[in-house]
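Student: sequence and predicted structure below; questions after.
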Amino acid sequence: MLTITFTVEDLARTRLAVSPLWEVVASVRLLKTPRAQHFHRRWARETTARIARERLELGLLFDLVDPASWYTPDFLTPSPAAPVPDLAADLGTLSRVAVEEVRADLDVVAYARTHPVGSLADAALPRRLPRARAAELPSDAVRSLYAEPEAGIEQLAEQVQAYWDVAIAPYWGRIRALLEGDLLYRARRLGQGGPAGLFEDLDSAVRWRQGALRIRHRRFHGVRELAGEGLLLTPSAFVWPTVYSTTIPPWQPSLTYPARGVAAIWDESVRRAPAGVVGVLGRSRAEVLVQLDVPRSTTELAGRVGLTAGGVSQHLGALRSAGLVTGHRVGRLVLYARTSVAEALLGAGEGG
């Protein structure tokens, strides 16, 4: 069990952000863990085929992401500066990671490979891997990264970009919409219920109790007392069925959790509106309302209901005037969400 304690300042500094680098790391981990691909089998099959067809050299990236270990080096996922950065911004942050931080994280990688269960106290100890113990690192590529971090980070960034182009970029519109929809949902939860509302339904392994966040980890435990740093919350399309935490100094404490709606991310089926709601709103507006089971953009709605973007905008305007839809800007997109009135209307229609 990992426990994170908060001061009032930490709660004020807690924020939400999307991290393209986290999607890279989590998806690589998923590719290497077939039993966890429940919602992503088609994506995993297509991505594996693309990587083989392109003959990509991804050895360093894949060696650093080890599903058998309780630790993935934190320098792979530096905190995003903006709520919805692009990959170029994340890679820019990665390229500026200090040499000492790269080596310190790889020290923990070596420690984790020889200690199946870890604690925050042990992982946070400063250490320098003796040359004689370099064999504890997972591969020659990782050992080269330890010896020459600057050159190794440059190589790693190239591999991340190559992987992104074949594994994430073809699906990024869909993935980003899911993640930004989760940001919107979490912001509403925070406004409605404070920290308890924000944290309680993140995941079954996460509980907010008496001013502390308790995270159930099978192989890692400890107490992390925040001291004004705040907590970064990062939704992910690929981390299900678990959550990942970053708590080892000097990195920004963070929690990466499954985005809401991930089970339907590859679902191409189109739900139909209840007949009673169609009778009240008309078919097109009713169909638009039904598709807002998660927040969506005008473009995504147009593709799902078979209308032009302009037509969808007109229907959204009417639904918004009726108090059934709200619009929220997240990054460069405006996402639309159903109101509680709309939920009640659809529920009554389905009941009828």
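Tutor: Looks like it came in fine.
Student: which residues in the stretch 201-350 of the chain form helices?
Tutor: Ranges of helices in the stretch 201-350 of the chain, per DSSP state H, counting those that start in this stretch, are 275-281, 283-290, 298-305, 309-321, 340-351.
Student: averaged pLDDT, the third one. What do you get?
Tutor: For helix 298-305, the mean per-residue pLDDT is 84.
Student: give me the neighbour count for Val294.
Tutor: 21 (other C-beta atoms under 10 Å). Quick note: C-beta positions are derived from backbone N, CA and C, even for glycine.
Student: next up, phi/psi of the closest residue to it other than its chain neighbours, please.
Tutor: Nearest residue to Val294, sequence neighbours excluded (C-beta to C-beta, 6 or more residues apart in numbering): Gly261, at 4.3 Å. When read as degrees, to the nearest 10, the backbone of Gly261 gives phi 90, psi 10.
Student: quick one: low-confidence parts of the stretch 101-250 of the chain?
Tutor: 129-133 (pLDDT under 70).
Student: that one: strands as residue ranges?
Tutor: 118-119, 206-209, 212-215, 220-225, 232-236, 244-246 (DSSP state E, counting those that start in this stretch).
Student: distance to Arg41 and mean neighbour count for those strands - can I get that in TSV?
Tutor: Shown next, in TSV, are these (distance: least, C-beta to C-beta, whole Å; neighbours: other C-beta atoms under 10 Å):
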stretch	distance to Arg41	mean neighbour count
strand 118-119	31	18
strand 206-209	26	16
strand 212-215	27	19
strand 220-225	28	17
strand 232-236	18	24
strand 244-246	21	20
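Student: the ones you listed: which one's closest to Phe199?
Tutor: strand 206-209 (4.0 Å; C-beta to C-beta).
Student: quickly list what the residue positioned nearest the centre of the chain is bridged to.
Tutor: The chain has Ser236 as the residue nearest its centroid, 1.9 Å off, counting by C-alpha atoms, centre = their mean. With DSSP bridges applied, Ser236 shows beta-bridge pairing to Pro258.
Student: ok, it - contacts?
Tutor: Counting by C-beta atoms under 8 Å, 6 or more residues apart in numbering, Ser236 makes contact with 19, 22-23, 26, 179, 256-259.
Student: that one and Ile265, how far apart?
Tutor: 11 Å (C-beta to C-beta, to the nearest Å).
Student: any idea how far Gln159 is from Ala167?
Tutor: Distance from Gln159 to Ala167, by C-beta to C-beta: 11 Å.
Student: between these two, which has more neighbouring residues?
Tutor: Ala167 (23 against 19).
Student: sorry, back to before: export the helices of the stretch 201-350 of the chain to TSV and tack on mean neighbour count and distance to Val334?
Tutor: Shown next, in TSV, are these (neighbours: other C-beta atoms under 10 Å; distance: least, C-beta to C-beta, whole Å):
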stretch	mean neighbour count	distance to Val334
helix 275-281	16	21
helix 283-290	22	14
helix 298-305	19	7
helix 309-321	16	9
helix 340-351	15	17
